[in-house]
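[1] how would this look folded up:
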Amino acid sequence: MTRITVLSVLLLAATTASSVAPALELSDCRISAGPGYPGIAARCGSFARPLNPADPGAGQIELRVAVVPALDLEPERDPFVPLAGGPGGSAIQFYSGYYSAFEAVRRERDILLLDQRGTGESARMDCPFDDDIVEGQYSDEQTREFTTTCLEQLPHDPQFFTTSVAVTDLEALRQALGYPALNLLGTSYGTRVAQHYARRYPDTTRTIILDGVVPPQIPLGPEIATEAQRALDSILARCAADTDCNERFPEVDLDFESIRARVAEGAVAVTLADPLTGRPEVLDFGRDELAAAIRLLAYQPQSMAIMPLLIHEAADGNFLPLAAQFKLTVSSLADALSLGMHNAVVCTEDLPYVDRDTIDYAALEASYIGALQLQALESICAIWPRGVIDDGFREPLATNLPVLLLSGDADPITPPRYAELAAVDLGNARHIINERQGHGQIAAGCMPKLIAEFVASADPGALDTECMQDAFVMPFFLDFSGPMP
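    Numbering: from 1, shown residues only. Prediction:
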């Protein structure tokens with residue numbers, strides 16, 4: 001039976017009195033990216049919203065709000081609003097993990113954070129599960145059983161945890177806090193939220209930044225495996241073109257094929273200490289675990305840099321480093337994302353619109369992920385109820401609002417061509433493609449400065465992007481002591 005991992009399912013504070021009306025009470029708090037991360041001074045509160053905005057009598061949910069104050073004593077009245085990816089990520093945790101990238105824009109504007117309904121501390125829609133599903137031990141039948149159990153344990157009806165409902169929460173929050181307009185930054189799935197908010201509320205949208213763009217026209221799922229393979233091929237080709245990397249790993253592409261062949265024969269038992277607890281355990285490292293580890297390593301330049309070394313070690317029989325990377329990454333991702341909210345979005349906005357007649361199944365099977373991504377989504381969405389979706393949701397955003405689109409040419413899930421699809425009806429947009437960068441550009445090179453300049457000017461054409469030519473890209477690791485100086 002096909003083994004399916006949860007990773008296969010996962011796609012991919014204070015304000016001044018002059019800018020906030022007293023309709024929503026906020027109090028001093030500290031926010032962070034999670035345990036062990038520094039706290040950030042903010043003003044926080046709970047925002048009551050109807051579970052079903054079309055039926056206020058159906059009950060309410062509480063949404064978590066945080067506002068981080070502008071550094072300027074007389075800030076601009078329109079805040080900067082980061083929107084998290086996933087789907088299923090917390091905006092508060094996302095901002096807290098990357099807050100230094102937003103310090104330039106915070107000089108003049110408050111940072112407005114809303115954990116989207118179903119995520120973080122906003123009526124979180126999560127399902128308790130054991131380590132087996134994280135580690136790829138669930139078959140297709142077991143995945144369906146788990147999905148049924150998950151639905152039974154959810155605290156709220158998942159039909160009302162889609163993007164179309166979530167943007168109404170953001171608009172209601174804007175009104176409650178008295179902000180005249182919003183400057184949106186969406187990353188990954190958050191780009192979908194930003195585009196739809198601007199579609200529904202163009203008069204209260206000032207600027208839009210889309211980082212790792214999800215175009216409305218494309219349902220996510222069928223291309224995940226082929227895009228991941230493209231990204232891996234690009235990384236290995238870059239190693240082959242690098243003198244030091246090629247000398248150390250002269251046949252890294254063949255090394256990877258040997259790993260694929262080995263795990264295709266059966267899982268490799270790897271004894272390792274749990275990266276989070278330190279307890280020794282045995283992990284069966286098979287095809288699904290390999291796919292999960294490689295796919296997530298390809299997201300960022302820092303982790304791309306160690307991929308040839310991990311692949312080479314595994315090809316020599318040492319699977320421990322690659323298995324440890326899988327364990328650490330997947331466990332942290334499972335903790336960060338709300339599975340119930342993720343499924344509510346994907347099973348409403350993506351899987352129902354997949355045209356199976358156009359899927360290149362041969363290309364899927366040829367990829368290192370195979371068809372398991374699509375199989376997992378189909379298994380879950382066969383059971384999961386569809387939720388609320390607005391008319392025109394899947395049409396490209398048509399607007400003359402200022403839009404900045406950001407892509408990495410090595411992105412394994414939202415390649416630059418996705419941004420071009422999203423931009424087809426944008427009349428005042430600019431697309432910046434960063435070389436040798438993966439998924440997410442907000443912290444790359446001088447991008448924080450460019451983001452602040454764009455928000456200040458609301459003019460994408462005025463940006464001087466020459467500084468991105470000097471953006472640091474981590475050299476390849478030749479051994480475990482790190483890259484060559």
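[2] can you pull out the helices in the stretch 101-250 of the chain?
    Along the stretch 101-250 of the chain, the segments classed as helices by DSSP state H, counting those that start in this stretch run 103-106, 131-134, 140-153, 163-177, 189-200, 224-241, 243-248.
[3] and residue 273, which of the ones you listed is closest to it?
    helix 131-134 (14.8 Å; C-beta to C-beta). C-beta coordinates here come from the backbone N, C-alpha and C atoms, glycine included.
[4] who's in contact with the residue nearest to residue 154 when sequence neighbours are not counted?
    Leaving aside its sequence neighbours, residue 154 sits nearest to residue 340 (C-beta to C-beta, 6 or more residues apart in numbering; 5.1 Å). By C-beta atoms under 8 Å, 6 or more residues apart in numbering, residue 340 lies in contact with 118, 124, 125, 126, 127, 150, 154, 158, 161.
[5] could you list every residue that touches the nearest residue to residue 398 once chain neighbours are set aside?
    Nearest residue to residue 398, sequence neighbours excluded (C-beta to C-beta, 6+ apart): residue 425, at 3.8 Å. For residue 425, the contacting residues are 396, 397, 398, 399, by C-beta under 8 Å, 6+ apart.
[6] what does residue 246 give?
    Counting by C-beta under 8 Å, 6+ apart, residue 246 has contacts 239, 240.
[7] repeat for residue 315
    255, 256, 258, 259 are the contacts of residue 315 under C-beta under 8 Å, 6+ apart.
[8] Do you have the strands of the stretch 301-450 of the chain handy? List them.
    For the stretch 301-450 of the chain, the strands defined by DSSP state E, counting those that start in this stretch occupy 403-408, 429-434.
[9] just these: most buried one?
    Comparing the strands of the stretch 301-450 of the chain by mean neighbour count (mean count of other C-beta atoms under 10 Å), strand 403-408 comes out on top with a mean of 26.
[10] Would you confirm that residue 411 contacts residue 438?
    Yes - contact criterion C-beta atoms under 8 Å: residue 411 and residue 438 qualify, at 5.6 Å.
[11] got any residues that touch both of these two?
    By C-beta under 8 Å, 6+ apart, the residues touching both residue 411 and residue 438 are residue 231.
[12] Which residue is the nearest non-sequential neighbour of the residue nearest the centre of the chain?
    Nearest to the mean C-alpha position of the chain, by C-alpha atoms, centre = their mean, lies residue 85 at 3.4 Å. Excluding the flanking residues, the one nearest residue 85 by C-beta to C-beta, 6+ apart is residue 188, at 3.0 Å.
[13] on that earlier part again, export the contacts of residue 315 as TSV, with columns for distance to residue 180 and neighbour count.
    Converted to TSV, the contacts of residue 315 look like this (distance: C-beta to C-beta, whole Å; neighbours: other C-beta atoms under 10 Å):
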residue	distance to residue 180	neighbour count
255	57	19
256	53	22
258	60	14
259	55	24
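[14] Helices - which of these land there?
    Using DSSP state H, the subset of the contacts of residue 315 located in helices is 255, 256, 258, 259.
[15] pLDDT score for the residue lying closest to the third one once chain neighbours are set aside?
    To tie it back to what came earlier, the one meant is residue 258. Sequence neighbours aside, residue 315 is the residue nearest to residue 258 in space, at 4.9 Å (criterion: C-beta to C-beta, 6+ apart). You'll see residue 315 listed with a pLDDT of 97.
[16] Kindly report the same for the one 10 residues further on.
    At residue 325 the predicted local distance difference test score is 87.
[17] if I look at the closest residue in space to it that isn't next to it in sequence, how far off is residue 228?
    The shortest distance from residue 325 to any non-neighbouring residue, by C-beta to C-beta, 6+ apart, is to residue 293 (5.4 Å). Distance of residue 293 to residue 228, computed by C-beta to C-beta, to the nearest Å: 12 Å.
[18] and residue 336, how many neighbours?
    The tally of other residues near residue 336 (other C-beta atoms under 10 Å) stands at 20.
[19] What's the separation between the closest residue to it other than its chain neighbours and residue 274?
    Using C-beta to C-beta, 6+ apart and skipping the chain neighbours, the partner closest in space to residue 336 is residue 89 (6.2 Å). For residue 89, the distance to residue 274 (C-beta to C-beta) stands at 24 Å.
[20] got it, and residue 254?
    In terms of C-beta to C-beta, residue 254 sits 32 Å off from residue 274.
[21] just to revisit the earlier point, ok, residue 293 and residue 228, which is more surrounded?
    residue 293 (26 against 22).
[22] average pLDDT across the one helix or strand the more buried one maps to?
    Using DSSP states H and E, residue 293 sits in helix 287-297. Across helix 287-297, pLDDT averages out at 91.
[23] follow-up on the earlier one: need the pLDDT of the residue nearest to the centre of the chain.
    95.
[24] now residue 302
    So, for residue 302, pLDDT stands at 87.
[25] Would you confirm that it contacts residue 474?
    Yes - counting by C-beta under 8 Å, residue 302 touches residue 474, with 5.0 Å between them.
[26] Need phi/psi at the residue nearest to residue 336.
    The phi and psi torsions at residue 89 (degrees, to the nearest 10) take the values phi -90, psi 160.
[27] got it, and residue 82?
    According to degrees, to the nearest 10, residue 82 has phi -70, psi 140.
[28] picking up where we left off before, ok, now how distant is the residue nearest to residue 336 from residue 340?
    13 Å.
[29] in stretch 316-333, what's buried?
    Under the neighbour-count criterion of 16 or more other C-beta atoms under 10 Å, stretch 316-333 has 319-327, 329-331, 333 buried.
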